[in-house]
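Student: After the sequence you'll find the predicted model.
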Amino acid sequence: MLEVPIPRTGVLHARGRDLPYGERTLVMGIINVTPDSFSGDGVGRRIDAVLARARDMVAEGADLIDVGGESTRPGAQPVDEEEELARVVPAVRALAEAVPVPISVDTRKPRVAEAALRAGAHLINDVTGLQRDPGMAEVAASFGAPVIVMHSPGEPWAVPWPAVYRDVVDDVKAYLARSLEIAVRAGLPVDQVVIDPGFGFGKSVTDNLELLRRLGEFRKLGSPLLIGTSRKSTIGAILGRPADDRLEGSLATIALAIAEGVDIVRVHDVRASVRVARMADAIVRGHRVPGVAG
Ligand code: HH2
């Protein structure tokens, strides 16, 4: 029998835009202000396009928006700090004014995180789990911003991927435990740090599938849990479809991640993901539907 985890509830205090988690799955919409993101969804630096996409996502039910100015796909070219600042800061400033949901900034550079927080960002999303630059935890703590810490075995342009694991779940858990320790030492409350096993980052197809199958094990770390599977190459490998045709595979991962107790899903396709999340939540979390008997 599937053992359904008991949801924990809490609130991410995202600089004035509280995000309650645990009662239903939160959906994070991805906006890449890049020219080279793997899924081909990058809008570059066109603020009108950024705002239009964010408004659509919010109307479709996104609970938060993640803005990234540097692609992390394997083989991507690293972006220098000035260029990343020029991509991210105007987008964040415009978004924080235009949409009511929290804005997270997807960066591994403390200077970019700091500038984005000054421009109105509410959370930091660090794909290096606070382990690349000690300045990142300090920036987050000094702004009182929640942080998403993701596992990545080195950086996509610096190491041979995939890495080799003894046991992928145990190894990633140990890494995330270290990220939590760094956060707490910098003064961030542990319930304001979201953990993410980094689906697709330095992992084989088999590793990624195992991470998803055993996702519930990460809940033992006690922090809210996020997963980003949307359109990733593992789905392409299973279905034999290109990045722009992986919707059903992405949705399958969301439904099963919810059954494993995930709190936040990071997605490109907000409308469909929200519907899947609502349905999966009703099963897993036992939501009552107003006006519907039984
Ligand atoms: N995946 C990507 C980027 N940032 N952040 C978190 N926390 N978790 C993820 O799984 C994650 C992430 C890669 O996806 P995307 O942003 O669409 O692509 P690219 O890095 O090529 O812009």
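Tutor: Now that the structure is in, tell me what you want to look at.

Student: Quick check: pLDDT value at the residue nearest to residue 101 when sequence neighbours are not counted.
Tutor: In this structure, residue 101 finds its nearest non-sequential neighbour in residue 64, 5.2 Å apart by CB to CB, 6 or more residues apart in numbering. For the C-beta atoms, the positions are set from N, CA and C on the backbone; glycine is no exception. pLDDT for residue 64: 98.

Student: show me what contacts the residue in the chain that the ligand sits nearest to?
Tutor: Nearest to the ligand in the chain, going by CB to the nearest ligand atom, is residue 228, at a distance of 2.3 Å. Applying CB atoms under 8 Å, 6 or more residues apart in numbering to residue 228 gives the contacts 150, 196, 198-200, 265-267.

Student: thought residue 256 was touching residue 211?
Tutor: No: counting by CB atoms under 8 Å, residue 256 does not reach residue 211; the two are 11.3 Å apart.

Student: higher neighbour count, these two?
Tutor: Shown here are residue 256 and residue 211; by other CB atoms under 10 Å, residue 211 has more neighbours (25 against 16).

Student: Check the secondary structure at the more buried one for me.
Tutor: Following DSSP: H, G, I helix; E, B strand; the rest coil, residue 211 is assigned to helix.

Student: Contacts only, for it.
Tutor: The contact partners of residue 211, taken as CB under 8 Å, 6+ apart, are 168-169, 172, 197, 199, 203.

Student: ok, back up a step: which ones, among the contacts of residue 228, also lie beside the ligand?
Tutor: When CB under 6 Å from any ligand atom is applied, the members of the contacts of residue 228 adjacent to the ligand are 150, 196, 198-199, 266.

Student: In helices, which of those residues fall?
Tutor: The members of these all map outside helices under DSSP state H.

Student: Quick check: residues of the chain near the ligand?
Tutor: 30, 32, 34, 37-39, 68, 71-73, 106, 125, 127, 148, 150, 196, 198-199, 226, 228, 266.

Student: Show residues contacting the longest strand belonging to the chain.
Tutor: As assigned by DSSP state E, the longest strand anywhere in the chain is strand 26-32. Outside strand 26-32, the residues that touch it by CB under 8 Å, 6+ apart are 19, 39, 41-43, 50, 53-54, 57-58, 60-69, 71, 91, 95, 104, 226, 230, 263-268, 270, 273-274, 277.

Student: Stretch 121-128 too?
Tutor: So stretch 121-128 is contacted by 12, 14-17, 64, 66-68, 72, 92, 96, 102-108, 113, 116-117, 132, 136, 139-140, 145-150, 152, 155, 198, 201 (CB under 8 Å, 6+ apart).

Student: One more pass at 7 Å, please.
Tutor: Contact with stretch 121-128 is made by 14-15, 17, 66, 72, 92, 96, 102-106, 108, 113, 136, 140, 145-150, 152, 201, as judged by CB atoms under 7 Å, 6 or more residues apart in numbering.

Student: What segments of the protein are helices?
Tutor: 47-59, 81-98, 110-118, 135-143, 168-186, 205-213, 233-239, 247-259, 270-284.

Student: so which of those helices is the most packed in?
Tutor: Among the helices of the chain, helix 110-118 has the highest mean neighbour count (mean count of other CB atoms under 10 Å), at a mean of 22.

Student: packing partners for that helix?
Tutor: Using 3 or more CB pairs under 7 Å, 6 or more residues apart in numbering; DSSP states H and E, the elements in contact with helix 110-118 are helix 81-98, helix 135-143.

Student: sorry, back to before: from the ones next to the ligand among the contacts of residue 228, pick the one nearest residue 25.
Tutor: residue 266 (11.4 Å; CB to CB).

Student: from the middle of its chain, how far away would stretch 182-202 be?
Tutor: 11 Å (CA atoms, centre = their mean, to the nearest Å).
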